[in-house]
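> here are the coordinates; sequence isn't available:
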């Protein structure tokens, strides 16, 4: 499947010559920088959007005004990071184009929220996408590149009317997001049977798809379903990003807390924990997914779960942990309001208490979102297990926040344990046992990667030039592929006995990025984060098809060039080959892998296959759309 941009530039003369590694295409891709505010520019662009989707009532705080990072916009709603199309999926129809830089539109805080105005659809995907992208930038402390074809183009392309189907997906090959629309088979809120349901008007669907695209830019192999947890993680993580953004919309959050009497798991607070209610109701469910379940139907981890079901386990795990910490941090306010009993009296909560609880919930959700996103830098580069994501969160948070007085990490560990998510080769679930360890062998500091030697593009938070990225990648590759350090970086030499009859390719440096992280106490941490992979090919036999799988390491380098962590997933690891073959022979893998010439080959369009609608309906004709073409 050709899903990556062309090869990166050759290393500069004298660097990496005769090297025993290659450079991945993302190393040389120019990372787009978010707009840098000029003197006189406003801080934000105020745009109205649905906090949930059109099925929710305005009285629930569903119409919100979001403060979107300001940037000058070209025709329509296209900026530095992505471009929004007004074309229909039929290739012939062009709907009215949003003009978000028009003064009259700006003064009105954008277009009126409307299912029948195609300009609002464009406004909705632009606003939510900008907010999600900002959350990732803040958590990771750097500018973010795209994966796939968008890495070459520099901008992700968004199609709000990109599909006549009950689906929405990220297309890495084309470097775009496509949002579908379809006829409802039954009444959904104010939408009658036969009316239109637009995935581009669902806050959660938009945030979910943008997260898929951002993950693909952060991790070269995370979209390759090479194990039972990989696709489930992608789905669960994307849902979590959508869920924690719910808490950023104050009026909707305040309404949920007031109506539920501060019980974030009560049905009255469903705005907070349900994902894509309108889309779910179109399929006959209350919502597409939910972070809350009942004691009788408690979701637990199982390697045999379908991808979306496994993602829902991860969604429930993190919401469990969030609710635990929320109760701890608000208990004293409830005690004050109840004279020490902790039992709220009947009737409505006092408005001052609701305001206080709303502020605490919003702040905590932003912290949890940052913890989740920062953990991506601490994940192994391939074949991620949900338990390894717990390890990544614990390590990333310990790195930035040494003390944990409210027990954030304890709540995370307990929530994973309670849902049956355990780890191989971990004796207990204490923080010390879970956190990643430094390299077993002492690796001398890599002087060429010290911050004193780096050529920053103005400041560490901005992406470096491709030539500097290539220099850094080669400096790391020269050390990592030295025979004495090969195993410490999760790499295997050709002919290693552990491979038996399998063959390994040269290691590949997939990415190397500068990181600037800010903790809640104001502490700032600088690092380099790199991703190295190695492909292993197992030849076919008369009885079994051949296949490939990947190993490697995530490498975190400190500002003085010291190698702080090498988070390994070597191809020669215990049972990795056997576990890979077992997964390929599992019926679930047939959605993504097919056998050609006695070899397992990845099907095209992995993200679209992952999001394939479970119920199929007749496609919608563009003339059925209620809007007006341009």
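That came through, no problem. Small disclaimer: the values here were computed from a predicted structure and weren't measured.

> ok, and what's touching stretch 288-303?
For stretch 288-303, contacts defined as C-beta atoms under 8 Å, 6 or more residues apart in numbering pick out 204, 228-229, 239, 243, 265, 270, 273-277, 279-280, 308-313, 315-316, 318-319, 386, 419-421. For every residue, glycine as well, the C-beta is placed using N, CA and C.

> Filter the residues you listed down to just the ones in strands.
Among these, the members found in strands (DSSP state E) are 274-275.

> Among the contacts of stretch 288-303, name the buried ones.
204, 228-229, 239, 243, 270, 273-277, 279-280, 308-313, 315-316, 318-319, 386, 419, 421 (16 or more other C-beta atoms under 10 Å).

> secondary structure element for residue 369?
helix 351-375 (DSSP states H and E).

> Could you give the average pLDDT over that helix?
On average, the pLDDT along helix 351-375 is 97.

> tell me which residues in that helix are buried?
By 16+ other C-beta under 10 Å, the buried positions in helix 351-375 come out as 353-354, 356-358, 360-362, 364-375.

> next one: stretch 598-614
In stretch 598-614, counting by 16+ other C-beta under 10 Å, buried: 599-600, 602, 605-608, 610-611.

> ok, so of those residues, who is nearest residue 503?
residue 599 (13.2 Å; C-beta to C-beta).

> How about the contacts made by the residue lying closest to that closest one once chain neighbours are set aside?
Closest residue to residue 599 apart from its sequence neighbours, by C-beta to C-beta, 6 or more residues apart in numbering: residue 546 at 4.4 Å. By C-beta under 8 Å, 6+ apart, the contact set of residue 546 is 537-540, 598-600.

> For residue 546, what are phi and psi?
Dihedral pair for residue 546: phi -80, psi 170, per degrees, to the nearest 10.

> Equivalent analysis for residue 571, please.
Per degrees, to the nearest 10, the backbone of residue 571 is at phi -70, psi -20.

> Might one say that it is in contact with residue 547?
No: in this structure, residue 571 is not within contact of residue 547 by C-beta atoms under 8 Å, at 12.0 Å.

> Those two: which is more packed in?
Legend: neighbour count by other C-beta atoms under 10 Å for residue 571 and residue 547, higher for residue 571 (28 against 23).

> Name the residues of the biggest strand by length in the chain that are buried.
What stands out as the longest strand in the chain, according to DSSP E, is strand 524-538. Using 16+ other C-beta under 10 Å as the test for burial, strand 524-538 gives 527-536, 538.

> Stretch 318-329 too?
Across stretch 318-329, burial judged by 16+ other C-beta under 10 Å covers 318-326, 328-329.

> pLDDT (mean, whole number) over that stretch?
Mean pLDDT, computed over stretch 318-329, is 97.

> contacting residues around that stretch?
240, 243-244, 264-265, 273, 291-292, 360-361, 364-365, 368, 372, 406-408, 411-412, 414-415, 418-419.

> that older thread, in helices, which of the contacts of stretch 288-303 fall?
Members of those lying in helices (criterion: DSSP state H): 204, 239, 243, 270, 273, 277, 279-280, 308-313, 315-316, 318-319, 386.

> Unless I'm misreading it, residue 567 sits right up against residue 375, doesn't it?
No: contact criterion C-beta under 8 Å: residue 567 and residue 375 do not qualify, at 11.1 Å.

> list the residues that contact both of these two?
residue 392.

> how about the strands of the stretch 1-150 of the chain, start to end?
22-23, 44-50, 63-69, 82-84 (DSSP state E, counting those that start in this stretch).

> I should have written the stretch 201-350 of the chain there, sorry.
Using DSSP E, counting those that start in this stretch, strands in the stretch 201-350 of the chain cover 274-275, 289-290.

> circling back to that earlier point, any idea which of the strands of the stretch 1-150 of the chain is most buried?
Stretch with highest mean neighbour count among these: strand 82-84 (a mean of 24; mean count of other C-beta atoms under 10 Å).

> just checking, residue 262 touches residue 330?
Yes: if you go by C-beta under 8 Å, residue 262 and residue 330 touch, sitting 7.1 Å apart.

> Need the residues touching each of these two.
By C-beta under 8 Å, 6+ apart, the residues touching both residue 262 and residue 330 are residue 357.

> Looking at those two, which one has more neighbours?
Shown here are residue 262 and residue 330; by other C-beta under 10 Å, residue 262 has more neighbours (24 against 19).

> check contacts around that one.
With the criterion set at C-beta under 8 Å, 6+ apart, residue 262 makes contact with 330, 334, 344, 349, 354, 357.

> And the helices in the stretch 151-300 of the chain?
203-218, 230-246, 250-260, 270-273, 277-282 (DSSP state H, counting those that start in this stretch).

> With mean pLDDT and distance to residue 470 added, can I get these in a markdown table?
Listed next are these as a markdown table, based on pLDDT from 0 to 100; distance: least, C-beta to C-beta, whole Å:
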| stretch | mean pLDDT | distance to residue 470 |
| --- | --- | --- |
| helix 203-218 | 96 | 18 |
| helix 230-246 | 96 | 29 |
| helix 250-260 | 96 | 45 |
| helix 270-273 | 95 | 45 |
| helix 277-282 | 89 | 43 |
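
> gap between residue 262 and residue 220?
43 Å (C-beta to C-beta, to the nearest Å).

> Identify the bridge partners of residue 602.
Judged by DSSP bridges, the bridge partners of residue 602 are residue 593.

> Please report how far it lies from residue 353.
53 Å.

> Equivalent analysis for residue 572, please.
In terms of C-beta to C-beta, residue 572 sits 58 Å off from residue 353.

> now swap in residue 62 and tell me
23 Å.

> and the nearest residue to residue 105 once chain neighbours are set aside, what does it touch?
Once flanking residues are discounted, residue 105 sits nearest to residue 99: 5.9 Å by C-beta to C-beta, 6+ apart. When contacts are counted by C-beta under 8 Å, 6+ apart, residue 99 touches 75-76, 105, 119.

> The stretch 451-600 of the chain: helices as residue ranges?
466-480, 576-584.

> if you skip the residues just before and after it, what's nearest to residue 208?
residue 238 is the one closest to residue 208 (C-beta to C-beta, 6+ apart), at 4.2 Å.

> just residue 310 next, same as before
residue 232 (2.9 Å).

> returning to that earlier point: what would the contacts of residue 99 look like in a markdown table with neighbour count?
Listed next are the contacts of residue 99 as a markdown table, based on neighbours: other C-beta atoms under 10 Å:
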| residue | neighbour count |
| --- | --- |
| 75 | 12 |
| 76 | 20 |
| 105 | 16 |
| 119 | 25 |
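
> Between all of those residues, which two are separated the most?
Longest span within the contacts of residue 99, C-beta to C-beta: 75 and 105, 13.3 Å.

> which among the contacts of residue 262 gets closest to residue 493?
Nearest to residue 493 among the contacts of residue 262, counting by C-beta to C-beta, is residue 330 at 55.2 Å.

> isn't residue 594 right next to residue 601, touching?
Yes: between residue 594 and residue 601 there is a contact under C-beta under 8 Å: 5.9 Å.

> if we can go back for a sec, any idea how far residue 386 is from the residue nearest to residue 310?
With C-beta to C-beta as the criterion, residue 232 and residue 386 are 7 Å apart.

> Overlap of the contact sets of the two?
Contacts common to residue 232 and residue 386, judged by C-beta under 8 Å, 6+ apart, are 310, 313-314.

> tell me which of those residues is nearest to residue 588?
Using C-beta to C-beta, these come closest to residue 588 at residue 310, 10.0 Å.

> Could I get the contacting residues of that closest one?
With C-beta under 8 Å, 6+ apart, residue 310 has these contacts: 228-229, 231-233, 235-236, 301-302, 386.
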